[in-house]
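Q: Give me coordinates for this.
(chains A, B, C and D)
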Number of protein chains: 2
Amino acid sequence: MKHSHDKEREVIDRLPRDEVLADLGDFFSVIGDSTRIKILFSLSGSELCVGAICEILNMEQSAISHQLKVLKNADLIRCRREGRTVIYSLSDGHVEEILRSAYEHISEEATKHEAR
Amino acid sequence: MKHSHDKEREVIDRLPRDEVLADLGDFFSVIGDSTRIKILFSLSGSELCVGAICEILNMEQSAISHQLKVLKNADLIRCRREGRTVIYSLSDGHVEEILRSAYEHISEEATKHEAR
DNA sequence: ATAATATATGAATAGCAATTCAAATGAACA
DNA sequence: TGTTCATTTGAATTGCTATTCATATATTAT
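A: Numbers count the residues shown, from 1 in each chain, chains lettered A, B, ... in the order given. Reported below is the predicted structural model:
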């Protein structure tokens, strides 16, 4: 007969490595902030300079700059300088895909709740 | 000639509603924690009772219970009682899809960095 | 009813993270 | 060079959150 802890062993064995799990957590916590989510959605479809993002989100420039740095460190966005302005854009399409997928998930949950 | 703020107006107009953005932020911050990520991965493929999750993550029961509650409030997992044990499982396949998609994103980023 | 097992809950603590404020950097221009 | 505009940076503050500890609830067995 199987030992009672065999099942747990198996689960542990097919868990991704700790480093990967930490990276995943980091990734999601970066996009798990409404300010950064807004920035990402703003950048999806159009690159923007810092000042424009400030006006769109109606937030102080310093706050935006700090958050842009977080997004950049996580490789979710990139930037290029053009004269005195710095223009930010999404670094690849993967982020948009994940946002869209989660957006659908949220929408489904919402309709489920409405149905009650 | 177009007013310089027209572009920003357009971006604002096609931004999801504030409530949706907040929900998205909440969703990602729920899965943006390595403990909760581990729980979700553990539950993907096998339902588990609280005690088993504690052993798998090697964490105190109370900490696990608190995090299970967060995941349950976010509708990411559900549970049923069976005798004195409570068995948790993922609430739908959407979560696994998002995890997998992010997992791929992380992996790609990792290889990009190695290539440098 | 009492004990034992499994899980949940509430309060407290400690660490982290978002924003603000003040100052610094970088680029264009007079 | 000095000035202005656009953005970044660092320090300080404030609010949030994960964990721990102690306790409560629920289920089963004696």
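
Q: And the helices in chain A, which stretches?
A: Assigned by DSSP state H, chain A shows helices spanning A:6-13, A:18-31, A:34-43, A:50-57, A:61-73, A:93-114.

Q: winner for burial among those?
A: helix A:34-43 (a mean of 22; mean count of other Cβ atoms under 10 Å in any protein chain shown). Glycine gets a C-beta too; all of them are placed from N, C-alpha and C.

Q: is it anywhere near chain B?
A: Yes: using Cβ under 8 Å from any Cβ of the partner chain, we find that helix A:34-43 touches chain B at A:34, A:36-38, A:41-42.

Q: Any chance you could list what contacts stretch A:18-35?
A: With Cβ atoms under 8 Å, 6 or more residues apart in numbering or on different chains as the contact definition, stretch A:18-35 has outside contacts at A:15-16, A:36-37, A:40, A:57, A:59, A:63-64, A:67, A:70-71, A:74, A:76, A:95, A:98-99, B:21-22, B:24-34, B:36-38, B:41, B:99, B:102-103, B:105-106, B:110.

Q: out of the residues you listed, who's near DNA strand C?
A: Of the residues in those, proximity to DNA strand C by Cβ under 7 Å from any atom of the strand holds for A:59, A:63, A:67, A:70.

Q: any idea how far the second one lies from residue B:66?
A: Put plainly, it is residue A:63. From residue A:63 across to residue B:66, the span is 30 Å (Cβ to Cβ, to the nearest Å).

Q: now swap in the third one and tell me
A: Per Cβ to Cβ, residue A:67 is found 28 Å from residue B:66.

Q: now the last one
A: In this structure, residue A:70 and residue B:66 are 26 Å apart, going by Cβ to Cβ.

Q: The first one now?
A: Plainly put, residue A:59 is 32 Å away from residue B:66 if you go by Cβ to Cβ.

Q: ok, residue A:96 - contacts?
A: By Cβ under 8 Å, 6+ apart, the residues touching residue A:96 are A:44, A:90.

Q: DNA strand D contacts on chain A?
A: Counting by Cβ under 7 Å from any atom of the strand, the residues of chain A close to DNA strand D are A:49-51, A:61-62, A:64-66, A:68-69, A:79, A:84-87.

Q: still on that earlier bit, for the helices of chain A, could you give me TSV that also reports mean pLDDT?
A: Listed next are the helices of chain A as TSV, based on pLDDT from 0 to 100:
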stretch	mean pLDDT
helix A:6-13	92
helix A:18-31	92
helix A:34-43	96
helix A:50-57	97
helix A:61-73	98
helix A:93-114	81
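
Q: Those helices: which one's closest to residue B:9?
A: helix A:50-57 (9.0 Å; Cβ to Cβ).

Q: does any bit of that closest one sit next to chain B?
A: Yes: using Cβ under 8 Å from any Cβ, helix A:50-57 reaches chain B at A:52, A:55-56.

Q: Who are the packing partners of that helix?
A: Using 3 or more Cβ pairs under 8 Å, 6 or more residues apart in numbering or on different chains; DSSP states H and E, the elements in contact with helix A:50-57 are helix A:34-43, helix A:61-73, strand A:85-90, helix B:6-13.

Q: 10 Å - rerun?
A: helix A:34-43, strand A:48-49, helix A:61-73, strand A:85-90, helix B:6-13 (3 or more Cβ pairs under 10 Å, 6 or more residues apart in numbering or on different chains; DSSP states H and E).

Q: Quick check: the spatially most central residue of chain A vs DNA strand C, distance?
A: With distances taken as Cα atoms, centre = their mean, the residue of chain A nearest its centroid is residue A:31 (2.6 Å). As judged by Cβ to the nearest atom of the strand, to the nearest Å, residue A:31 and DNA strand C stand 10 Å apart.
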